[in-house]
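Peer 1: using only what follows, build the 3D model:
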Amino acid sequence: MQTEIGEIPHSSSLAGAMEEFELMAKLRGLQINETKSMYMKTSGELPPSHQNTIRINDHNFPVCNEFKYLSALITKDNDVTVEIKARIAAGNRCFWSIQKALKFRGLSRKAKLTIYRTMIRPVVAYGSETWVLTHSSERMLNCWERKILRKIFGPVCEGGRWRIRHNRELGALYGQPDLVAFIRRGRLRWLGHVQRMEENRYPKKAMNGTPGGRRITPAPDPRLEAKSIRYEGSSESKSTRFFQTLQKFY
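Peer 2: You can find the predicted model right below:
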């Protein structure tokens with residue numbers, strides 16, 4: 001049976017943590033599958049002898065630089081750009097699978113935009129609540145969205161010549177927040193959800209905790225932290241209204 005190993009506290013306690021994990025797995029009738037379990041070091045470099053496999057107690061695990069968990073790509077250096085490129089590739093596959101419907105002239109633009117917002121965009125924005133967006137990744141996402149919108153709206157004829165629509169024209173025709181603004185709203189919505197959790201919930205502990213040590217790049221977006229005001233002792237309804245109001249600014 002396949003097992004997934006989460007975050008290990010420290011290399012010095014790796015063997016002890018593995019022993020405890022294996023014991024708890026046996027109590028639940030599970031066993032560790034070495035072929036389906038991997039080891040990924042998130043800081044520093046591995047010794048030359050540990051480039052391909054690592055031995056922990058009586059198990060040999062392959063060493064990887066990235067892995068997928070719940071369709072989200074996680075890398076050893078926490079590079080969100082790799083995940084964004086993977087989501088864009090998945091969005092392209094989704095788009096080309098239904099391109100006949102989007103090219104059908106009998107289908108209105110409104111219906112095609114509904115297909116985009118409900119079928120294609122969620123594929124790209126999956127897991128975006130945890131993304132740390134840079135200016136380059138924002139340009140990448142908006143560029144991809146404009147490419148899809150140009151396919152939906154088609155070219156324009158001026159003076160007997162056809163040309164693609166400019167960015168301003170696409171924004172005016174679309175009339176909705178762009179993909180980056182949609183992702184920011186999702187991040188704020190998730191932030192409000194975590195903020196309303198009980199203090200003993202693990203997501204709340206992770207948000208308010210301080211793991212210590214040095215953080216490797218990329219650093220978290222300070223703009224989101226500056227805009228996220230914490231209400232100490234506030235009611236749940238007040239916190240809900242605050243995050244709903246905050247989303248309107250995006």
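
Peer 1: tell me where the chain has strands.
Peer 2: 53-56, 59-62, 66-69, 72-75, 156-158, 161-163 (DSSP state E).

Peer 1: who does the first one pair up with?
Peer 2: The reference is to strand 53-56. Strand pairing for strand 53-56, determined by DSSP bridges: strand 59-62 (antiparallel).

Peer 1: how far off centre is the partner strand?
Peer 2: How far strand 59-62 lies from its chain's middle: 28 Å, per CA atoms, centre = their mean, to the nearest Å.

Peer 1: kindly report the domain assignment for the protein.
Peer 2: Per automatic domain parsing, the structural domains of the chain span 11-64, 72-176, 184-207+219-247.

Peer 1: lowest-confidence helix or strand of the protein?
Peer 2: Lowest by mean pLDDT, DSSP states H and E among the helices and strands of the chain is helix 222-227, with a mean of 50.

Peer 1: could you dump the strands of the chain into JSON lines with distance to Met197 added?
Peer 2: Yep, even glycine has a C-beta here, placed from its N, CA and C like the rest. As requested, the strands of the chain are arranged in JSON lines below (distance: least, CB to CB, whole Å):
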{"stretch": "strand 53-56", "distance to Met197": "33"}
{"stretch": "strand 59-62", "distance to Met197": "33"}
{"stretch": "strand 66-69", "distance to Met197": "21"}
{"stretch": "strand 72-75", "distance to Met197": "21"}
{"stretch": "strand 156-158", "distance to Met197": "49"}
{"stretch": "strand 161-163", "distance to Met197": "51"}
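
Peer 1: count of residues packed around the nearest residue to Glu145 once chain neighbours are set aside?
Peer 2: Sequence neighbours aside, Leu179 is the residue nearest to Glu145 in space, at 4.3 Å (criterion: CB to CB, 6 or more residues apart in numbering). Residues lying near Leu179 (other CB atoms under 10 Å) number 22.

Peer 1: ok, now which ones touch Leu179?
Peer 2: Arg121, Val124, Ala125, Leu141, Asn142, Trp144, Glu145 (CB atoms under 8 Å, 6 or more residues apart in numbering).

Peer 1: before we move on, the earlier item: tell me which of the domains of the chain is the most buried.
Peer 2: When neighbours are counted by mean count of other CB atoms under 10 Å, the highest per-stretch mean among the domains of the chain falls to domain 72-176, a mean of 15.

Peer 1: Ala111 versus Arg105, what's the distance?
Peer 2: Here Arg105 is placed at a distance of 12 Å from Ala111 (CB to CB, to the nearest Å).

Peer 1: next one: Lys26
Peer 2: Lys26 is 54 Å from Ala111, where distance means CB to CB.
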